[in-house]
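> mind looking at a prediction? Sequence and model below.
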Amino acid sequence: MVDAIALGPHGPKVKPLGIGAWSWGDKLFWAYGKDYDEKQVQQAFYAALEAGLDFFDTAEVYGFGESERLIGKFMQTEPHFRDRPIHIATKYFPLPWRFNAQAVADALTASLKRLQVDKVALYQVHAPLDFLMGQRTLMNALADEVEKGRIEAIGISNYSAEKMRQAHKFLATRGIPLAVNQVRYSLLSRQIETNGILETARELGVTILAYSPLAQGLLTGKYVGDARRSLQGARRIDPRFSPEGLEKIAPIIHTLQRIGKNHQRTPAQVALNWLIAQGGVIPIPGAKNAEQAKQNAGALGWSLTPDEIEEIDQVSRPWQ
């Protein structure tokens with residue numbers, strides 16, 4: 001397994017697995033402050049660093065800025081961690097009233113202030129929207145920030161193959177590569193392999209950041225049998241978590257469990273390792289506490305065999 005992977009052709013190198021920080025401080029979609037709190041999130045941050053992870057993905061809209069504020073606070077709290085190489089990715093949300101380049105600069109300034117840093121490794125457009133601004137103006141505004149030294153690499157999120165190619169073209173006129181497309185990608189969401197996104201990313205040298213790589217916990221195997229009774233929030237109405245839905249994915253879970261035993265790894269660690277094995281892909285699972293961060297890190301430091309990769313590929317083909 002590779003020790004590090006670059007964000008795009010010339011971007012900073014990070015571990016091939018990061019931590020997604022959507023749930024850090026977010027009460028709208030997650031139960032932050034109820035099921036877990038700042039102390040547990042801080043322990044997750046430190047546990048990730050202790051396990052060798054160095055890449056954290058956040059956004060200005062996560063907890064209305066709280067995710068960024070927490071990460072900024074955590075990086076400053078412990079002197080022990082200040083000298084560690086920590087790569088932060090955050091995102092700009094293209095709101096309708098943000099219609100000029102200054103809006104991008106202002107949003108980045110606010111994110112940097114919350115993060116308490118002078119620059120970030122990666123700055124991404126959170127959604128393929130541009131409203132009155134237009135993609136050319138948006139990409140030029142991002143390129144300006146690269147030239148100012150406030151961002152090291154430019155990314156996009158949820159862009160189709162066509163829109164990704166367009167963004168790449170606009171940036172190329174400034175001599176700056178498109179580094180990343182952050183998309184949903186897991187064994188239960190393999191559509192990027194068939195809709196042109198993965199193929200185009202490889203052609204252009206764009207790294208894929210895979211969000212929801214464990215399908216909201218489905219691939220951990222913990223939502224089987226009686227465990228389903230403990231479902232909380234949106235999972236209660238998600239058909240994938242119904243008895244019929246869980247029965248449908250049972251062959252994948254059983255395969256991950258069996259292969260995991262061969263390597264003394266969990267089903268989740270096998271699922272994450274499979275994504276990394278695809279090449280040019282960085283999974284960014286979430287972690288609400290130290291134990292989850294440690295579990296995520298256990299996907300690194302070992303490799304599936306070619307036969308195991310093929311077996312997992314075959315059993316999850318229906319989700320392409």
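Nice, I can see it.
> in the chain, which spans are helices?
38-50, 66-77, 79-82, 101-115, 135-148, 161-172, 197-204, 243-263, 267-277, 290-297, 306-315 (DSSP state H).
> make TSV from the ones you listed and add mean neighbour count to it.
Every residue, glycine included, has its C-beta placed from N, CA and C. Shown next, in TSV, are these (neighbours: other CB atoms under 10 Å):
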stretch	mean neighbour count
helix 38-50	20
helix 66-77	21
helix 79-82	10
helix 101-115	18
helix 135-148	19
helix 161-172	18
helix 197-204	19
helix 243-263	16
helix 267-277	25
helix 290-297	21
helix 306-315	14
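> can you show me the CA trace of stretch 12-19 as PDB?
What follows is stretch 12-19 as a C-alpha-only set of coordinates in PDB (Å, rounded to 0.1, in the frame of the first residue of the first chain):
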ATOM      1  CA  PRO A  12       0.500  18.400  -1.300                       C
ATOM      2  CA  LYS A  13       1.000  14.700  -0.300                       C
ATOM      3  CA  VAL A  14      -1.200  13.300   2.300                       C
ATOM      4  CA  LYS A  15      -1.900   9.900   3.800                       C
ATOM      5  CA  PRO A  16      -4.200   7.800   1.600                       C
ATOM      6  CA  LEU A  17      -7.000   8.000   4.100                       C
ATOM      7  CA  GLY A  18      -8.300  11.200   5.800                       C
ATOM      8  CA  ILE A  19     -11.000  12.100   8.300                       C
END
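> so what touches it?
By CB atoms under 8 Å, 6 or more residues apart in numbering, the residues outside stretch 12-19 that reach it are 1-7, 44-45, 48, 52-57, 87, 89, 121-122, 152-153, 209, 272, 276, 281-287, 293, 296-297, 299-300.
> from those, which would you call buried?
Buried residues within the contacts of stretch 12-19, defined by neighbour count using 16 or more other CB atoms under 10 Å: 5, 7, 44-45, 48, 53-57, 87, 89, 121-122, 152-153, 209, 272, 276, 281-287, 293, 296-297, 299-300.
> nearest residue to Asn262 in space, please, no chain neighbours.
Nearest residue to Asn262 in three dimensions, chain neighbours excluded: Glu308, at 7.5 Å (CB to CB, 6 or more residues apart in numbering).
> I'd say that neighbour and Arg258 touch.
No - counting by CB atoms under 8 Å, Glu308 sits too far from Arg258 to count as a contact (9.6 Å).
> follow-up on the earlier one: among the contacts of stretch 12-19, name the ones in strands.
5-6, 55-57, 87, 89, 121-122, 152-153, 209, 281-283 (DSSP state E).
> and of these, the nearest to Glu193?
When those are compared for distance to Glu193 (CB to CB), Val281 wins out at 10.7 Å.
> any idea how far Ala105 is from the closest one?
31 Å (CB to CB, to the nearest Å).
> measure the residue positioned nearest the centre of the chain to Arg136 for me?
The centroid of the chain falls nearest to Ile284 when counting by CA atoms, centre = their mean (3.4 Å). Distance, Ile284 to Arg136, by CB to CB: 28 Å.
> now Lys34
Distance from Lys34 to Arg136, by CB to CB: 43 Å.
> same check, this time on Arg98
Counting by CB to CB, the gap from Arg98 to Arg136 is 15 Å.
> looking at it, Val125 is touching Ile151, isn't it?
No - Val125 is beyond contact range of Ile151, at 11.7 Å (criterion: CB under 8 Å).
> can you work out which residues contact both of the two?
What both Val125 and Ile151 touch, as defined by CB under 8 Å, 6+ apart, is the set Leu142.
> for the chain, where's the lowest mean pLDDT among helices and strands?
None of the helices or strands of the chain scores lower by mean pLDDT, DSSP states H and E than helix 79-82, at a mean of 68.
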